[in-house]
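S.K.: quick one: sequence plus predicted model below, questions after.
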Amino acid sequence: MFAEWNDGDERVDFACGTYSMRTADCSVVRFEPRQRHPDATVKADGDRFRRETADSILFSSGVQLVPMAEVDPGVVPAVESTAEDIAAMRIRGAATIADAAAAALETQAERADADTPAAFRRQLRAAARTLYETRPTAVSLPNALRYVLRGTAGETVADLRASTIARAEQFQRELAQAQDNLGEIGANRLRDGDTVLTHCHSTDALACLDAALEDGKALEAIVKETRPRKQGHITARELRERGVPVTLIVDNAARRYLDDADHVLVGADSIAADGSVINKIGTSGLAVNARERGVPVMVAAQTIKFHPDTMTGHTVEIESRDEREVLTDEERAAISGDGADATDTGGADAEGRDGDESTATSDEGLTVENPAFDVTPPRYVDAIVTERGQFPPESIVILMRELFGETTDEPWDA
Ligand code: RUB
């Protein structure tokens, strides 16, 4: 089996055969380019891939297998690059992802080379799909895309361009305003001298703390580090920048520190119609422990986090991420008893196997699961704070229906 590529090319053609590769989101993908995916290409950018063995390729991040038929040359590179940044979590957090997606559609509208209205719309839809496919759990992403595409109107390319740009900018303004409004409402729940216990990093949650600090309230924070990506460090840094005393703890210490907390304060990636909160993995365990300790759980979530599909019985897809966020190749090799240094793939190991074949992923009996989010049932949540007020989770469906109606089209069907 044999692979061919040219360093630096955007698209890489592979000869016939079976290959395995890693992407940012799936640990290992096997594919047969000329069989399962005729004309498949691998999108790559220069040094983000490297050859591991004659028949397997290790990609460092953000590489996608895309059948040629689905590649629309009208999607501008800036959109592809935003999509890669979202997939690789260089852009992360539900509100920030929504903001970036709207900005990307604006860029698509500005730079599209379409010369007919139909081509402009087709390219815009392709851009929306490219963005949509990056992260499945944060519903703010399709909600943002739907909002912008619904505002695209006109009979000429110029009108379509102008309306899309205006709509994307309006979305971004409203997003920022909603977060400010939510912050003021959330701040009313916090008293002078309170200690909040946080999980992950949420700009909506921070907006509540910001508004309370602006009101002159003194606050302290216990910040969970939030394995595996440790977004708690971002929260700790941002709170320290505001002068808030921070105690950083490992996730496993949370129950012990709940007695020192007046509130648990988290954000959300999606809110389901029954009031369930989908947020960074570990939120549900924290909420259950908080209930047992009598600490109220407050969820800060703009209405852009409402998941309209859940009104018609759909469930929220939980993203699974690369196992190497949990276990490095070196750690995997150590657990598997593979005495060879996992980084040293060039030599032979103690049993004489070729170094190239004793990769760190060779132990198929060891499974690593890395779900990025979990579901907190409504009974463990005291209040969902939105820009439209605070709600007991069980009543959220009423506001959801008011905002979305019953229609849940795909964003590009708008
Ligand atoms: C981030 C996360 C945040 C929500 C809310 O997960 O779970 O709590 O997205 O954030 P990840 P915000 O780091 O995997 O994106 O309030 O900023 O929308």
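M.R.: Nice, I can see it.

S.K.: leaving out chain neighbours, which residue sits closest to residue 302?
M.R.: residue 178 (4.6 Å; C-beta to C-beta, 6 or more residues apart in numbering). Where C-beta positions appear, they are placed from N, C-alpha and C, glycine not excepted.

S.K.: where does this structure have low pLDDT?
M.R.: Per-residue confidence for the chain (pLDDT under 70) gives these ranges: 1-73, 338-362, 406-409, 411-414.

S.K.: so who does the residue positioned nearest the centre of it touch?
M.R.: Against the mean C-alpha coordinate of the chain, by C-alpha atoms, centre = their mean, the closest residue is residue 135 at 4.9 Å. By C-beta atoms under 8 Å, 6 or more residues apart in numbering, residue 135 lies in contact with 86, 87, 97, 141, 319.

S.K.: for residue 207, state which of the residues you listed is nearest.
M.R.: residue 97 (16.2 Å; C-beta to C-beta).

S.K.: so what's that closest one up against?
M.R.: Contacts of residue 97 by C-beta under 8 Å, 6+ apart are 86, 91, 135, 138, 140, 141, 144.

S.K.: PyMOL command for the buried members of those residues?
M.R.: Those of the contacts of residue 97 that count as buried under 16 or more other C-beta atoms under 10 Å are selected in PyMOL with:
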select buried, resi 86+91+135+138+140+141+144
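
S.K.: check the contacts of residue 97 against the ligand, which are close?
M.R.: Among the contacts of residue 97, the residues lying close to the ligand (C-beta under 6 Å from any ligand atom) are residue 138.

S.K.: neighbours around the residue nearest to residue 302, how many?
M.R.: By other C-beta atoms under 10 Å, 19 other residues sit near residue 178.

S.K.: OK, contacts around it?
M.R.: 302, 303, 304, 386, 387.

S.K.: can you give me the distance of it to residue 203?
M.R.: Distance from residue 178 to residue 203, counting by C-beta to C-beta, to the nearest Å: 11 Å.

S.K.: assign a three-state SS to residue 334, would you?
M.R.: Three-state call for residue 334 (DSSP: H, G, I helix; E, B strand; the rest coil): helix.

S.K.: do residue 223 as well
M.R.: Relying on three-state DSSP, one would call residue 223 strand.

S.K.: list the buried residues in the helix of greatest length in the chain.
M.R.: Across the chain, the longest stretch assigned as helix under DSSP state H is helix 157-187. Residues of helix 157-187 classed as buried by neighbour count (16+ other C-beta under 10 Å): 157, 160-161, 163-168, 171-172, 175, 178-179, 181-187.

S.K.: so after that helix, what's the next helix or strand?
M.R.: Toward the C-terminus, helix 157-187 is succeeded by strand 195-198 as the next helix or strand (DSSP states H and E).

S.K.: does any bit of the helix or strand following that following strand sit next to the ligand?
M.R.: Per DSSP H and E, the first helix or strand lying C-terminal to strand 195-198 is helix 203-214. Yes. Part of helix 203-214 sits near the ligand under the criterion C-beta under 6 Å from any ligand atom, namely 203, 204, 205.

S.K.: gap between residue 385 and the ligand?
M.R.: Distance, residue 385 to the ligand, using C-beta to the nearest ligand atom, to the nearest Å: 11 Å.

S.K.: ok so that residue is a strand residue?
M.R.: Yes. Counting by three-state DSSP, residue 385 is part of a strand.

S.K.: tell me the contacts of the closest residue to it other than its chain neighbours?
M.R.: Distances taken as C-beta to C-beta, 6+ apart place residue 186 nearest to residue 385, at 4.3 Å, with adjacent residues excluded. Neighbouring residues of residue 186 by C-beta under 8 Å, 6+ apart: 205, 207, 208, 211, 212, 265, 298, 300, 385, 390.

S.K.: nice, that's everything, thank you.
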